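[1] One predicted model, sequence on top.
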Amino acid sequence: MAVNHVGNGRDALNTISDDPPDIVILDLGLPDRDGLEVLRRLRGRGDRLPVLLLTARDTVDDKVAGLDSGADDYLAKPFDMPELLARLRVLERRLGGHLEAEIRVGEVSLCPGRHQVRSCGQLVDLPRREYMLLKCLMETAGRVQTRSALESRLYSWGEEVASNALEVHIHNLRRKLGSDFIRTVRGVGYLVPAS
């Protein structure tokens, strides 16, 4: 997972508007406003991003208030990291309601539930970032994805990224899936043509 962090509610709302993540982990104890206010504003503007509330508030009333305000899940501190990761996987499976469904473009299929890729029926072994990149391109088949949009899906903010890292991943995917599977749109980005 590529993880990005902001330290207050104002920045959270702006960041979610400008560069929406797949899942939001929201603390209720923010320095500039209550996390429930941030959640209500997200839901009020129609934002359906999965939201996991992470907070020290652990009474039943707190949990009910968070869930009734639009949270998809609620985890009280202290927590164990394996539980947080399991809850994030559950939210990821719910994304769009289609994460368990196989994505197929031509002879390439990607099964998110099993984290597997097949080309012409043969299993293709992909490192994590190549898998994430391929998934993003296949989910948006037929639409050009800009370099910056793809990098934001692969890398956390502030993470050191070599200037040619994306091109290396694209090159490796083309070598494994066929040179015509991912097309370059000069000056814009990349796309997987819809089949």
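    Nice, I can see it.

[2] Is S179 located within a strand, as I assumed?
    No: secondary structure of S179 (DSSP: H, G, I helix; E, B strand; the rest coil): coil, not part of a strand.

[3] any idea how far S195 is from it?
    To S195, S179 is 16 Å away according to C-beta to C-beta, to the nearest Å. Every C-beta, even on glycine, is put in place using the N, C-alpha and C of the backbone.

[4] now swap in D125 and tell me
    23 Å.

[5] what's the answer for A149, then?
    Taken as C-beta to C-beta, the span from A149 to S195 is 22 Å.

[6] what about the strands in the chain?
    24-27, 51-55, 73-76, 103-105, 108-111, 116-119, 122-124, 145-146, 183-185, 189-191 (DSSP state E).

[7] Identify, out of those, the most deeply packed stretch.
    Sort the strands of the chain by mean neighbour count, taking mean count of other C-beta atoms under 10 Å, and strand 51-55 sits at the top with a mean of 22.

[8] mean confidence for it?
    Here strand 51-55 scores 91 as its mean pLDDT.

[9] Tell me the gap between the helix or strand of the chain with the lowest mean pLDDT and the middle of its chain.
    Lowest mean confidence among the helices and strands of the chain (mean pLDDT, DSSP states H and E): helix 147-154, at a mean of 82. How far helix 147-154 lies from its chain's middle: 11 Å, per C-alpha atoms, centre = their mean, to the nearest Å.

[10] Report the residue ranges of every domain in this structure.
    Annotated domains of the chain cover 9-97, 103-191 [automatic domain parsing].

[11] quick one, which of those domains is nearest to A2?
    Nearest of the domains of the chain to A2, taken as C-beta to C-beta: domain 103-191 at 4.8 Å.

[12] residues in contact with the residue nearest to the spatial centre of the chain?
    By C-alpha atoms, centre = their mean, the chain has its centre lying nearest to D22, at 3.5 Å. Contact analysis of D22 by C-beta atoms under 8 Å, 6 or more residues apart in numbering lists 49-50, 92, 95.

[13] Can you tell me which of those residues are buried?
    Neighbour-count burial (16 or more other C-beta atoms under 10 Å) applied to those gives 49-50.

[14] picking up where we left off before, turn the strands of the chain into CSV, including distance to V168.
    Below are the strands of the chain laid out as CSV (distance: least, C-beta to C-beta, whole Å):
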stretch, distance to V168
strand 24-27, 30
strand 51-55, 33
strand 73-76, 36
strand 103-105, 22
strand 108-111, 20
strand 116-119, 18
strand 122-124, 17
strand 145-146, 17
strand 183-185, 14
strand 189-191, 13
